[in-house]
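**Q** quick one, what's the 3D model for this:
(2 chains)
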Amino acid sequence: MLGKEEIAKRIAKEVKDRFYVNLGIGIPTLVANYVREDINVEFQSENGVLGMGPFPFEGEEDADIINAGKQTITTLAGASFFDSAFSFGMIRSQKVDLTILGAMEVAENGDIANWKIPGKMVKGMGGAMDLVASAENIIVAMMHVNKKGESKILKKCTLPLTGVGCVKKVVTELAVLEVTPQGFKLLERAPGVSVAHIIASTEAELIIEGEIPEMVID
Amino acid sequence: MINKKVNSVQEALDGVQDGMTIMLGGFGLCGIPENAIAELVIKETKELTCISNNAGVDDFGLGLLLQKRQIKKMISSYVGENAEFERQMLSGELDVELTPQGTLAEKCRAAQAGIPAFFTPAGYGTEVAEGKEVREFNGKPHIMELAYDADFAIVKAWKGDEAGNLIFKGTARNFNACMAGGAKITVAEVEELLPAGSLDPNEIHIPGIMVQRIFQGEKFEKRIEQRTVRQK
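**A** Residues are numbered from 1 along each chain as shown, chains lettered A, B, ... in the order given. I've put the predicted structure just below:
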């Protein structure tokens, strides 16, 4: 079973040379730490920066330079700032190659829910609805089951949707799943996790073809 | 040169009345018009509809107006950092219109650009699309969204000049640059207000025609919400 850092490490392998990438809050933010150093990638944050760098050194924080998680950041050579309308313009016009975000539920038709639990938690969708409605390449980083052990990989989402039919791939602590027109296809399993364990932890049907390889993390 | 300078925040907010709709720039606490917000608290203006990406934190930004129950309705994309907000919303005291962030930005920009409505794919198939016109373009469904109609836009910039020209710093540009000129009256509060001619016209982000009143804020706390650092 993978920890959050390992999920991020596995997703980092999906980041290719010359990609512009938008990272959501939570596990997706960690992905930046594990991208191969021999490729050129620029990270976009929807609050208005391209070319995001690591956190600043202590004492060098600037209240005017943050990411969408409101964390202080730095910029790298080639970076740029822009306003919010322009930022979502580049997202809607599909200039951003890869979007990685978290989810509370994902369904086998690619639907995603991640912004609201009616009557309980209402934080808002932020930029997630714009991102999932526009991006071609969406990877979800999430936990396979909730704290009660119930599957979050579903036939149909139960929570209010963020977007319809948009998710392409899901990486969880147990598995890598691809969303196909026929439903979830099991691509990889976490080290030491059996296919039977993944089936038992998944409410949706899984398409399983042949031997399922273990994920390569490092 | 048409001079937009006013001498105080009080003068800048003259005419703000109960029940008005106000756009406020900023993302989280980054680039919020903190002097104008402090003055709205003092003015005790009530029943406000605020268009702002976030709602501040409990004791800063728009959280200060929420504490005093000055806000009737919030139009935002993300409100996760504010416990008082969540309480007022869940209890029904506060009306909340959650809007996808890119749609919120574009509704501001549309008002700024004189475009009454536009189509976006964001929110199609979700609660956000309920009651809205849907049209297909290039085989993909889009929903119609309307430009905002606000009485005041209150934005914050880094530098400005007496002609109302604005320059932003870093990610503090965010919604400030989309809202300037998007309301009947735009008020700009700046860290540094310079005589006309001091700023290079090549460097201006928002031209002064979009701004009716500009003033230099007395002090800026510029609070950081998530101070993240690495070790040397």
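**Q** so who does residue 17 touch?
**A** All of this refers to chain A. Under the criterion of CB atoms under 8 Å, 6 or more residues apart in numbering or on different chains, the contact list for A:D17 reads A:39-41. In this view, the C-beta of every residue, glycine as well, is placed from N, C-alpha and C.
**Q** let me rephrase: I mean chain B.
**A** With contact taken as CB under 8 Å, 6+ apart, B:Q17 is in contact with B:T45.
**Q** let's go with 6 Å and repeat that
**A** Taking CB atoms under 6 Å, 6 or more residues apart in numbering or on different chains as the definition of contact, B:Q17 has no neighbours.
**Q** pLDDT score for it?
**A** The predicted local distance difference test score for B:Q17 is 98.
**Q** which SS state does it fall under?
**A** Secondary structure assignment for B:Q17 (DSSP: H, G, I helix; E, B strand; the rest coil): coil.
**Q** most neighbours, which of the contacts of A:D17?
**A** Each of these was scored by neighbours using other CB atoms under 10 Å in any protein chain shown; the highest score is A:V41's, at 18 neighbours.
**Q** list the contacts of that one.
**A** The contact partners of A:V41, taken as CB under 6 Å, 6+ apart, are A:15, A:19, A:21, A:35.
**Q** any idea how far chain B is from the residue of chain A positioned farthest from its centre?
**A** Note on chain A: the largest C-alpha distance from the chain mean falls to A:G59, namely 30.6 Å (CA atoms, centre = their mean). Per CB to the nearest CB, to the nearest Å, A:G59 is found 8 Å from chain B.
**Q** excluding its backbone neighbours, what's nearest that residue?
**A** Closest residue to A:G59 apart from its sequence neighbours, by CB to CB, 6 or more residues apart in numbering or on different chains: B:V229 at 7.9 Å.
**Q** wait, doesn't the one you found sit right on A:E60?
**A** No - taking CB atoms under 6 Å as the contact criterion, B:V229 and A:E60 are not neighbours in contact, 7.8 Å apart.
**Q** verify the stated contact: A:H144 with A:V170.
**A** No - no contact is recorded between A:H144 and A:V170 when judged using CB under 6 Å, the distance being 8.6 Å.
**Q** is chain A contacted by stretch B:219-227?
**A** Yes - counting by CB under 6 Å from any CB of the partner chain, chain A is contacted by stretch B:219-227 at B:222, B:224-227.
**Q** buried set for that stretch?
**A** Using 16 or more other CB atoms under 10 Å in any protein chain shown as the test for burial, stretch B:219-227 gives B:220, B:222-226.
**Q** okay, the residues you listed in JSON lines with distance to A:N137, pLDDT and secondary structure next?
**A** Listed next are these as JSON lines, based on distance: CB to CB, whole Å; pLDDT from 0 to 100; DSSP: H, G, I helix; E, B strand; the rest coil:
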{"residue": "B:F220", "distance to A:N137": "40", "pLDDT": "97", "secondary structure": "coil"}
{"residue": "B:K222", "distance to A:N137": "36", "pLDDT": "97", "secondary structure": "coil"}
{"residue": "B:R223", "distance to A:N137": "36", "pLDDT": "96", "secondary structure": "coil"}
{"residue": "B:I224", "distance to A:N137": "32", "pLDDT": "96", "secondary structure": "coil"}
{"residue": "B:E225", "distance to A:N137": "30", "pLDDT": "94", "secondary structure": "coil"}
{"residue": "B:Q226", "distance to A:N137": "27", "pLDDT": "93", "secondary structure": "strand"}
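**Q** any idea which helix or strand carries B:E191?
**A** Per DSSP states H and E, B:E191 falls inside strand B:183-194.
**Q** packing partners of that strand?
**A** With contacts defined as 3 or more CB pairs under 6 Å, 6 or more residues apart in numbering or on different chains; DSSP states H and E, strand B:183-194 has these neighbours: strand B:150-161, strand B:213-216.
**Q** and the contacts of it?
**A** Outside of strand B:183-194, the residues within contact range by CB under 6 Å, 6+ apart are B:12, B:23, B:33, B:35-36, B:150-161, B:166, B:180, B:210-217, B:220.
**Q** do the same with stretch B:97-111
**A** The list of residues contacting stretch B:97-111 from outside it, by CB under 6 Å, 6+ apart, reads A:84-85, A:88, A:124-127, A:129-130, B:75, B:77, B:118, B:120, B:122-123, B:145, B:147-148, B:178-179, B:182.
**Q** could you pull out the buried residues of it?
**A** Going by neighbour count (16+ other CB under 10 Å), the buried part of stretch B:97-111 is B:98-111.
**Q** any chance of these in a markdown table, plus secondary structure and pLDDT?
**A** As requested, these are exported to a markdown table (DSSP: H, G, I helix; E, B strand; the rest coil; pLDDT from 0 to 100):
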| residue | secondary structure | pLDDT |
| --- | --- | --- |
| B:L98 | strand | 95 |
| B:T99 | coil | 98 |
| B:P100 | coil | 98 |
| B:Q101 | helix | 98 |
| B:G102 | helix | 98 |
| B:T103 | helix | 98 |
| B:L104 | helix | 98 |
| B:A105 | helix | 98 |
| B:E106 | helix | 98 |
| B:K107 | helix | 98 |
| B:C108 | helix | 98 |
| B:R109 | helix | 98 |
| B:A110 | helix | 98 |
| B:A111 | helix | 98 |
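**Q** nearest to chain A, of those?
**A** Within those, proximity to chain A (CB to the nearest CB) peaks at B:G102, which comes in at 2.9 Å.
**Q** and the spatially closest residue to the closest one that is not a sequence neighbour, helix, strand or coil?
**A** Beyond its immediate neighbours in the sequence, the residue positioned closest to B:G102 (CB to CB, 6+ apart) is A:F88, lying 2.9 Å away. At A:F88, secondary structure determined by three-state DSSP is helix.
**Q** what about residue 90, neighbour count?
**A** Since you didn't name a chain, this refers to chain A. Using other CB under 10 Å, A:M90 has 17 neighbouring residues.
**Q** try again with chain B
**A** Using other CB under 10 Å as the criterion, B:L90 is surrounded by 14 other residues.
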